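this one's structure only:
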């Protein structure tokens, strides 16, 4: 197993190094699939928030979740067969209460961001494509990233704040998280409860978090989660338990980055 893992990492490194040489050929071979997915199957960012406003929970896949689903580690979460399988099952979700989100394919807020994602898909698209349903629509993961606040500044802020207007919220995040719990984005909530998890390998803490929420928060509370890939897992599990749960990532850092960029 260790040898297979090492070989996989080696092949990934080699593939990344070949990106510049193979980019045009790869894009020509895959652009129709990529474009069809983004234009026909991926809700826009405003559309995604409209569905959340109607009561859907939100489970987002980004580069970390897709990497872990392929069996590779990321900086703050070790991969495991259990986590990979749970993420894959979430990706196949058919529950109407949960909106599963995927990141941008070809369109981003600037060229650097678009090129970063294109390189990511060059490495990961082949594996992910086999796990996707091309008869199913997905939400847009970038609703919590700077892209949303850059491309739709006032609309993005109003859309998010309206979702938790005067609601009781439970914020779940890791120790030392970048999430600013006192941010103006949350200044219109009714009450807030904060639950901390581990900064590293939080997946192992998921069951404890769920038990604490069930013991302390009613189902009328809105669950907001900033806990990396474990946030994706928890959004699905809480949705199954009857809560509305949103995997918001580091939304406050995204807001700050977007508006600082505009000010600059």
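It's in. Everything numeric here is computed off the predicted structure, so don't read it as measured data.

use CA for all of it now, contacts and neighbours both
Will do.

Which of the three states applies to residue 192?
Of the three states, residue 192 takes strand according to DSSP: H, G, I helix; E, B strand; the rest coil.

Contact partners for it?
By C-alpha atoms under 8 Å, 6 or more residues apart in numbering, the contact set of residue 192 is 168-171.

Tell me what the nearest residue to it once chain neighbours are set aside is bridged to.
Excluding the flanking residues, the one nearest residue 192 by C-alpha to C-alpha, 6 or more residues apart in numbering is residue 169, at 4.9 Å. Counting by DSSP bridges, residue 169 is bridged to residue 192, residue 222.

Which parts of the stretch 1-150 of the chain are helices?
2-17, 19-36, 45-53, 63-69, 81-91, 111-129, 146-151 (DSSP state H, counting those that start in this stretch).

Count residues in the vicinity of the closest residue in space to residue 87 that isn't next to it in sequence, would you?
Once flanking residues are discounted, residue 87 sits nearest to residue 69: 6.2 Å by C-alpha to C-alpha, 6+ apart. Per other C-alpha atoms under 10 Å, the neighbour tally for residue 69 reads 25.

Quick check: pLDDT value at residue 69.
Predicted confidence (pLDDT) for residue 69: 93.

Provide a list of residues in contact with it.
Residues in contact with residue 69 (C-alpha under 8 Å, 6+ apart) are 79, 83-85, 87-88.

And it, how close does it get to residue 111?
Going from residue 69 to residue 111 by C-alpha to C-alpha, to the nearest Å gives 27 Å.

got it, and residue 21?
Counting by C-alpha to C-alpha, the separation of residue 21 from residue 111 is 19 Å.

likewise residue 253?
Taken as C-alpha to C-alpha, the span from residue 253 to residue 111 is 21 Å.

more crowded one of those two?
Shown here are residue 253 and residue 111; by other C-alpha under 10 Å, residue 253 has more neighbours (16 against 10).

check which helix or strand covers that one.
helix 251-263 (DSSP states H and E).

elements contacting that helix?
The contact analysis (3 or more C-alpha pairs under 8 Å, 6 or more residues apart in numbering; DSSP states H and E) places helix 251-263 against helix 146-151.

any residues touching the helix it packs on, and which ones?
Under the contact criterion C-alpha under 8 Å, 6+ apart, helix 146-151 has outside partners 45, 108-109, 142, 156-157, 254-255, 257-259, 262.

Any buried residues in that helix, and which?
Using 16 or more other C-alpha atoms under 10 Å as the test for burial, helix 146-151 gives 146-150.

so where do the strands sit in the stretch 101-250 of the chain?
Taking DSSP state E, counting those that start in this stretch, the strands of the stretch 101-250 of the chain run over residues 139-140, 168-174, 191-197, 222-226, 244-247.

what bits of the stretch 151-264 of the chain have low per-residue confidence?
Along the stretch 151-264 of the chain, the model assigns pLDDT under 70 to residues 261-264.

again, 90 this time
Residues of the stretch 151-264 of the chain that meet the criterion pLDDT under 90 lie in 178, 260-264.

ok, back up a step: quick one: contacts for the residue nearest to residue 192?
With contact taken as C-alpha under 8 Å, 6+ apart, residue 169 is in contact with 189-193, 221-224.

same thing with residue 236?
Going by C-alpha under 8 Å, 6+ apart, residue 236 touches 57-59, 90, 98, 245.

Of all pairs in those residues, which one spans the longest distance?
Greatest spacing in the contacts of residue 236, by C-alpha to C-alpha: 90 and 245 (14.0 Å).

who's more crowded, those two?
Per other C-alpha under 10 Å, whichever of residue 90 and residue 245 has more neighbours is residue 245, with 30 against 22.

That one and residue 239 touch, don't they?
Yes: contact criterion C-alpha atoms under 8 Å: residue 245 and residue 239 qualify, at 6.1 Å.

Now list whatever residues contact both of these two.
With C-alpha under 8 Å, 6+ apart as the test, residue 245 and residue 239 both reach residue 57.
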